[in-house]
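Participant: Here's a sequence, model it:
(2 chains)
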Amino acid sequence: SQQGEEDPQALSIQEGENATMNCSYKTSINNLQWYRQNSGRGLVHLILIRSNEREKHSGRLRVTLDTSKKSSSLLITASRAADTASYFCATDYNTDKLIFGTGTRLQVFP
Amino acid sequence: EPEVTQTPSHQVTQMGQEVILRCVPISNHLYFYWYRQILGQKVEFLVSFYNNEISEKSEIFDDQFSVERPDGSNFTLKIRSTKLEDSAMYFCASTEGHSGANVLTFGAGSRLTVL
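Facilitator: Numbering: from 1, shown residues only, chains lettered A, B, ... in the order given. Predicted coordinates for the structure are as follows:
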C-alpha cells in the first residue's frame, strides 16, 4: 500500500498550546498536501508544499518537508478549540491521484 | 466561493440494490475524483476521471462500481449491487489540473448506509 502513516493517531491539548502532527510516506513525490476534516464533513485543503521546498507557512500553520526521511510535519501554533478536527497528509506519488494518510485526530480543550 | 455539491447527503438502501451518488464539480475543473471513508477512518481513493474517461482506479473500484459524466455538469458514482461493506461516506472532489500539483476541492459527502 502507498498510504502514508501519521502520528500520533490522536492528540489532546489545551487551547494556546502548539500541536505537532507527523506524516511519513513511502516513495518519491512531487508535492505533499495537508487537509483538515471536521467531524462528518468533507476535507478542506490547508497547505501544499513542493518536493523542493523545506518549509512553508500559512497563518498559524507551519509545514516542513524532509524528502531524505520521507516525512513531513504540520505545526499549529497557539491552538484554539475551533482547530479540533482530523488532519490528513496527502501525497501524489507521481501519479494522477492523491493518497491520504491515516490521519491525526486533534482535540483542543478550551 | 465555488463549491462541489453532492446529493443525497444520506442514503439508506437494502443490500443488493443499486445506488447512484451525484456530484456537481466546480465548473472550470477538469479532473474529478471519488473517495470513500469508512466510519471516520482513512480516506481511500476510488477513481479519477479526466477527459470523459477513467484515468486511474483502485482495487476497491471493481466491476460493481462505475462513474459517468452524463451531461457536462454532473459526475455520478453508481454501485450496481450494494454490499454491507459499501456503507461509508463517499466524497467527490475536483481540481483544475493534475491533483499532485493542484488542490482538491471536496464536497460535503454522501453517507451511504447498506442494510
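Participant: Grab the nearest non-local neighbour of the residue sitting nearest the centre point of chain B.
Facilitator: For chain B, residue B:34 is the residue whose C-alpha lies nearest the centre (Cα atoms, centre = their mean; 3.1 Å). Nearest residue to residue B:34 in three dimensions, chain neighbours excluded: residue B:46, at 4.3 Å (Cβ to Cβ, 6 or more residues apart in numbering or on different chains). The way it works is simple: take the backbone N, C-alpha and C, and place the C-beta from them, glycine included.
Participant: Equivalent analysis for residue B:25, please.
Facilitator: residue B:94 (3.5 Å).
Participant: Please apply the same query to residue A:45.
Facilitator: The shortest distance from residue A:45 to any non-neighbouring residue, by Cβ to Cβ, 6+ apart, is to residue B:103 (4.4 Å).
Participant: Point out the residues in chain A that sit beside chain B.
Facilitator: Neighbours of chain B within chain A, by Cβ under 8 Å from any Cβ of the partner chain: A:3, A:29-31, A:33, A:35, A:37, A:39-45, A:48, A:86, A:88, A:90, A:92, A:94-103.
Participant: The same query, at a cut-off of 7 Å, please.
Facilitator: Contact residues, chain A versus chain B (Cβ under 7 Å from any Cβ of the partner chain): A:3, A:30-31, A:41-43, A:45, A:48, A:88, A:92, A:95-100, A:102-103.
Participant: Please tell me how far the residue nearest to residue B:34 sits from residue A:56.
Facilitator: 29 Å (Cβ to Cβ, to the nearest Å).
Participant: Which one's more surrounded, the two?
Facilitator: Higher neighbour count among residue B:46 and residue A:56: residue B:46, with 22 against 16, using other Cβ atoms under 10 Å in any protein chain shown.
Participant: Quickly list what residue 66 is bridged to.
Facilitator: Went with chain A since none was named. residue A:71 (DSSP bridges).
Participant: please go with chain B instead
Facilitator: Residues in a beta bridge with residue B:66, per DSSP bridges, are residue B:78.
Participant: tell me the SS of residue B:60?
Facilitator: Look at residue B:60: counting by DSSP: H, G, I helix; E, B strand; the rest coil, its state is coil.
Participant: how many neighbours does residue A:85 have?
Facilitator: Residue A:85, neighbours per other Cβ under 10 Å, totals 20.
Participant: still on that earlier bit, the residue nearest to residue B:25: which element?
Facilitator: Residue B:94 belongs to strand B:88-95 when assigned by DSSP states H and E.
Participant: can you tell me how far residue A:17 sits from chain B?
Facilitator: According to Cβ to the nearest Cβ, to the nearest Å, residue A:17 and chain B sit 24 Å apart.
Participant: Run a quick neighbour tally on the closest residue to that residue other than its chain neighbours.
Facilitator: Spatial nearest neighbour of residue A:17, excluding adjacent residues (Cβ to Cβ, 6+ apart): residue A:79 at 5.8 Å. Using other Cβ under 10 Å, residue A:79 has 22 neighbouring residues.
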